[in-house]
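# Structure for this input, please:
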Amino acid sequence: MKVIISTRAIYPFHGNGGMETYYYNLAKHLVREGVETEIISSLTNTVGKTEYYDDIKYTFLPPNFNKKPLMSLWCRFFDLNVKKYLQRIDFDILHATAGIHPYVLSKNRKKVIFQPFGLEWFKITKGLVKLYTYALNYRTDKLIFNHADAIASEGKANTQEIMSLFKVPREKIFTLPNGVDLSLIEECLANSEIHQEDYGIQDADLVLVNVNKLIPHKGVHYLIDALEILNKNLNAKLILIGSGSQEQKLKEQIKRNKLQDKVIHFKSIPNEKIFAFYALADIAVTPTLYEGGCPPFVVLEAMAVGKPIVTTDIPQMQDAVKDGMNGFLVQPRNPKAISDAILTIYNKGLIREMGKNSREIVKEYDWNIIAKRAITKYEELIEE
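Predicted coordinates:
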């Protein structure tokens with residue numbers, strides 16, 4: 001069996017966003033299961049037409065459009081090039097987010113699985129962004145949803161969005177969630193040489209961790225306000241990992257709240273070291289306002305390291321974070337609710353118990369399990 005994965009961007013050539021790392025990890029674990037896998041993605045300035053990474057073949061097709069304005073328009077040219085390429089090669093199934101239309105409308109095509117990322121754009125109810133999104137994307141995506149052989153969803157919330165926005169029947173959708181590489185995380189932790197004293201962290205400190213892009217909807221500014229509240233009662237510190245458009249505003253907020261000695265900020269951390277910083281913390285906090293994935297990688301990674309989770313009570317979080325069991329779901333945009341949840345975990349001595357529950361829950365999100373689930377679906381579709 002040969003699987004083609006088609007996506008406009010992919011790790012490590014386009015960065016390490018959610019979609020990019022999702023498809024990379026899926027492909028890596030498919031290869032480990034003996035499935036021939038090729039990734040098709042858009043050109044960048046630093047790659048040739050074909051590259052190999054972690055035993056995965058990457059094929060790059062024009063144009064180079066990921067950093068360009070009106071990206072949806074440029075993506076249409078990529079889609080056409082993907083169709084031409086697919087019609088020249090031999091394979092069994094296409095699993096894709098980009099490069100599906102117009103191939104999915106072709107005669108004698110192979111089986112197609114559509115996995116949408118970024119549906120949050122379709123939830124915008126007014127303004128020019130809605131007009132732009134619907135004019136360029138909705139009709140095309142609706143065609144893909146109608147003609148694809150199956151739809152891959154990341155979880156219950158994603159399934160409900162697909163059914164609501166595009167009227168897709170439930171029986172056409174199967175679940176293929178975000179995952180974590182549990183064996184890799186264990187290996188990284190075993191090889192870690194990071195110590196709390198290197199970062200001014202004391203045994204008595206309550207240490208929080210947040211790993212995210214520093215952009216408005218990630219809600220990090222609410223976490224900074226919660227940190228100020230916490231430090232009225234105890235000595236709390238925050239390991240903040242990420243960069244983005246809100247970085248300068250957050251620095252100003254930290255200074256304004258006199259928290260310079262309470263926040264340890266890294267713009268980026270190598271993947272093999274990031275788990276050690278999760279391990280330094282007591283509680284992982286993700287006050288995001290909305291997410292595309294169900295649940296996001298950063299929550300699953302923190303769970304895999306055995307951390308309680310304090311996060312926003314939104315549908316995307318509810319599959320993995322069980323309120324009161326391995327953390328708490330709190331009201332969005334509410335620093336007091338964040339600080340109260342953290343204090344409850346700390347004051348009731350729940351850090352170890354909730355962390356243990358996180359480790360148990362996250363086992364079902366192991367990439368080995370998810371890859372096998374994908375293979376089962378591929379075989380089912382091919383045999384139809």
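
# you'd agree Leu289 is up against Met317?
No. Assessed by Cβ atoms under 8 Å, Leu289 is found out of contact with Met317, at 11.3 Å. Where C-beta positions appear, they are placed from N, C-alpha and C, glycine not excepted.

# Which one of the two is surrounded by more residues?
Met317 (23 against 14; other Cβ atoms under 10 Å).

# Report the contact partners of that one.
For Met317, the contacting residues are Thr286, Glu291, Pro295, Val299, Thr311, Leu329, by Cβ atoms under 8 Å, 6 or more residues apart in numbering.

# same thing but 7 Å
Counting by Cβ atoms under 7 Å, 6 or more residues apart in numbering, Met317 touches Pro295, Val299, Thr311, Leu329.

# Make TSV out of the residues you listed and add neighbour count and distance to Pro116.
TSV is the format used below for the contacts of Met317 (neighbours: other Cβ atoms under 10 Å; distance: Cβ to Cβ, whole Å):
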residue	neighbour count	distance to Pro116
Pro295	28	17
Val299	29	20
Thr311	30	23
Leu329	18	25
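
# tell me the mean pLDDT for stretch 156-166?
Averaging pLDDT along stretch 156-166 yields 91.

# what sits up against it?
Here stretch 156-166 makes contact (Cβ under 7 Å, 6+ apart) with 116, 119, 122, 141-142, 145, 151, 153, 168, 170, 173, 294, 315-316, 319.

# Recalculate using a threshold of 6 Å.
Stretch 156-166 is contacted from outside by Leu119, Phe122, Lys142, Phe145, Ser153, Val168, Ile173, Cys294, Pro315, Gln316, Asp319, using Cβ atoms under 6 Å, 6 or more residues apart in numbering.

# buried residues in it?
For stretch 156-166, a neighbour-count test (16 or more other Cβ atoms under 10 Å) marks Ala157, Asn158, Thr159, Glu161, Ile162, Met163, Leu165, Phe166 as buried.

# Let's verify the fourth one: helix, strand, or coil?
Taking DSSP: H, G, I helix; E, B strand; the rest coil as the rule, one finds Glu161 in the helix state.

# coming back round to it: quick one: which of the contacts of Met317 is nearest to Lys372?
Nearest to Lys372, judged by Cβ to Cβ, of the contacts of Met317 is Pro295 at 20.3 Å.

# hang on, isn't Asn66 packed against Thr7?
No. Taking Cβ atoms under 6 Å as the definition, Asn66 is not a contact partner of Thr7, at 10.6 Å.

# And those two? Which one has more around it.
Each of Asn66 and Thr7 has its neighbours counted (other Cβ under 10 Å); Thr7 has more, 24 against 19.

# so what's the more buried one up against?
Taking Cβ under 6 Å, 6+ apart, we find Thr7 in contact with Tyr23, Ser41, Thr97, Ala98.

# Most neighbours of all the residues you listed, which one?
Ser41 (27 neighbours).

# one step back: okay if I get the buried residues of stretch 156-166 as a markdown table plus distance to Asp54?
Listed next are those as a markdown table, based on distance: Cβ to Cβ, whole Å:
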| residue | distance to Asp54 |
| --- | --- |
| Ala157 | 30 |
| Asn158 | 27 |
| Thr159 | 30 |
| Glu161 | 31 |
| Ile162 | 30 |
| Met163 | 35 |
| Leu165 | 34 |
| Phe166 | 33 |
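
# What's the PyMOL line that selects buried ones from the contacts of stretch 156-166?
Buried residues within those, by 16+ other Cβ under 10 Å, are selected in PyMOL with:
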select buried, resi 119+122+145+153+168+173+294+315+316+319
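
# Which two of the contacts of stretch 156-166 have the greatest separation?
The widest separation within these (Cβ to Cβ) is 26.0 Å, between Lys142 and Asp319.
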